[in-house]
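Trainee: Sequence plus predicted model, see below.
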Amino acid sequence: MDHQRVRLLWPDHLGLARGKYLPAATAASGTAHCLALFALDYDRQMDVEAPGPKVMEGLPDLDATFDPESLRPGWEPDTAVAVADISFEGGEVDMGSRPAAKRAIAAWQDLGWEPMLGIELEAYLMEPTEQGGWQRVATPGHYVYATGPAADPTGLIDEIMATADRVGLPLESVNSEYDAGQFELTLHYDHALKALDDAFLFKQMARELAMERGLMLTFLGKPIDDAGGSGLHLNLSLNDDTGGNAMTDLDGEHGLSDLARSCLAGMLAHHEGMTALCCPTVNAYKRIRPAEFIPYWANWGLDHRGTTIRVPPHRGAGTRLEHRLSDGAANPYTAAAAVLHAARLGVVDDLDCPDAETGNCLDEVNTDRHVPESLAEALDALEADTALCEAVGQPLVDHFVHLKRTEWAKFATHVTDWELQHYLPFH
């Protein structure tokens with residue numbers, strides 16, 4: 001693979017792709033980044049009280065390294081790409097999202113199973129307005145499952161698909177969604193860490209191709225008031241030591257193994273607790289509302305898109321549990337860590353799986369348990385779920401909760417345009 005430089009990237013706590021360009025001749029030695037990156041919010045304000053980043057201890061460096069065998073073609077000319085491993089003083093960065101996912105994967109491997117993930121991404125394609133904002137691209141001929149110019153008159157999707165193929169990112173399918181300008185982009189399933197790395201790089205590549213055209217491809221959960229939201233679906237299966245799918249048992253109820261049912265039980269038992277990790281923004285809670293075909297309730301169903309965990313009809317090698325809660329803006333590594341640990345806790349704690357949902361999930365549902373109503377309530381639920389916190393890693397949870405409570409406080413004290421439009425004329 002010919003390249004003149006290496007683009008070394010790694011996901012921070014927000015899921016942002018931090019990194020550096022390194023000359024090819026010296027890239028193998030890796031590089032350093034300031035650990036205080038972990039004290040930053042989206043607005044680049046540095047929280048000096050955040051636990052872990054050592055802002056008040058000299059802002060030391062972390063190390064970012066990579067296996068040269070992991071280099072892959074980049075989407076920029078003469079550039080190879082690698083996803084870095086990060087460490088601090090020779091040890092793990094316990095606030096890191098990719099290390100958290102690796103720990104979750106290792107915990108399953110210790111039990112004798114290999115977790116596999118298939119990742120579905122949803123995003124809106126936006127164009128700039130004359131006022132300096134963003135709006136959905138104009139698609140006058142849009143319809144659901146449209147292909148070609150009716151769904152994407154810009155041609156961006158064609159470019160994304162061609163580029164993904166060229167650089168080896170396994171895009172399985174693309175379809176337009178119910179709402180105009182929204183797309184679902186599905187990546188082929190793989191070993192969990194490989195699947196997450198693919199999704200991380202794919203999102204970065206797709207957004208950058210949009211930027212080059214003056215467009216924005218946004219994965220934000222609810223970017224448009226009167227349109228549907230965007231999610232991140234994690235399709236989980238487990239391979240046994242022969243490489244077979246351990247989720248399937250054709251003699252079991254619904255063709256599912258006891259292992260699959262225990263995983264369902266665990267994910268439902270920790271439904272409230274994992275919500276903050278899967279839906280980590282204020283905006284996310286505008287998407288997950290009751291009486292819509294959205295993952296709100298603590299339920300599972302057979303090929304039922306109104307449930308949080310959908311079990312598609314495929315059996316045998318294709319058996320999987322589609323966890324649909326995560327917001328499109330979630331850090332995929334952190335969300336996957338939460339899902340993997342919750343499922344595993346269902347196995348190790350020998351939890352009983354509730355019955356499959358048979359209601360329509362609009363005005364009929366078989367449970368009264370649901371996601372918290374706001375980011376603030378979700379953080380409370382996370383802290384209360386001590387088993388999940390311990391599994392994911394208390395240092396990561398403490399860091400995450402601290403920064404997200406600060407984020408909530410910023411939102412709670414910010415005067416919004418809606419407030420001014422709604423109240424100002426009358427008071």
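Mentor: Sure thing, it's come through.
Trainee: Packing partners of the longest helix that the chain contains?
Mentor: When the chain is scanned for its longest helix (criterion: DSSP state H), the result is helix 192-212. When contacts are defined as 3 or more C-beta pairs under 8 Å, 6 or more residues apart in numbering; DSSP states H and E, helix 192-212 sits against strand 5-11, strand 79-83, helix 97-110, strand 114-128, helix 156-167, strand 182-187, strand 216-218, helix 332-348. All C-beta spots, glycine's among them, are computed from the backbone N, C-alpha and C.
Trainee: residue boundaries of the helices in the protein?
Mentor: For the chain, the helices identified by DSSP H occupy 97-110, 156-167, 192-212, 258-269, 271-278, 332-348, 375-384, 386-392, 394-412, 417-423, in order along the chain.
Trainee: And the fourth one, how far out from the chain middle?
Mentor: The one in question is helix 258-269. 20 Å (C-alpha atoms, centre = their mean, to the nearest Å).
Trainee: other SSEs contacting that helix?
Mentor: strand 232-239, strand 300-302, strand 309-311, strand 321-323, helix 332-348.
Trainee: swap the cut-off to 10 Å and go again
Mentor: Applying 3 or more C-beta pairs under 10 Å, 6 or more residues apart in numbering; DSSP states H and E, we find helix 258-269 packed against strand 232-239, strand 300-302, strand 309-311, strand 321-323, helix 332-348, helix 386-392.
Trainee: Relative to the whole chain's centre, how far out is the longest helix of the chain?
Mentor: Distance, centroid of helix 192-212 to centroid of chain: 11 Å (C-alpha atoms, centre = their mean).
Trainee: If you count neighbours, what's buried in it?
Mentor: Residues of helix 192-212 classed as buried under the neighbour-count rule (16 or more other C-beta atoms under 10 Å) are 192-193, 195-207, 209-210.
Trainee: Equivalent analysis for stretch 165-183, please.
Mentor: Val167, Leu169, Pro170, Leu171, Val174, Ser176, Glu177, Asp179, Ala180, Gly181, Gln182, Phe183.
Trainee: for it, how far is the first residue from the last?
Mentor: With C-alpha to C-alpha, to the nearest Å as the measure, the first residue of stretch 165-183 is 18 Å from its last.
Trainee: for stretch 49-57, same thing?
Mentor: Between the opening and closing residues of stretch 49-57 we find a distance of 11 Å, counting by C-alpha to C-alpha.
Trainee: any idea of the mean pLDDT in it?
Mentor: Mean per-residue pLDDT for stretch 49-57: 95.
Trainee: what does that stretch contact?
Mentor: Identification of contacts with stretch 49-57 by C-beta atoms under 10 Å, 6 or more residues apart in numbering yields 13, 34-41, 46-48, 59-60, 62, 88, 93-96, 395-396, 398-403, 406.
Trainee: How about stretch 380-387?
Mentor: Residues lying outside stretch 380-387 but in contact with it, judged by C-beta under 10 Å, 6+ apart, are 266, 269-277, 338, 341-342, 345, 348-349, 371-372, 374, 388-389, 391-392, 394, 397-398, 400-401, 404-405.
Trainee: switch the cut-off to 7 Å
Mentor: The set of residues that contact stretch 380-387 without belonging to it, under C-beta atoms under 7 Å, 6 or more residues apart in numbering, is His270, Glu272, Gly273, Thr275, Ala276, Leu277, Leu345, Pro372, Cys389, Val397, Val401.
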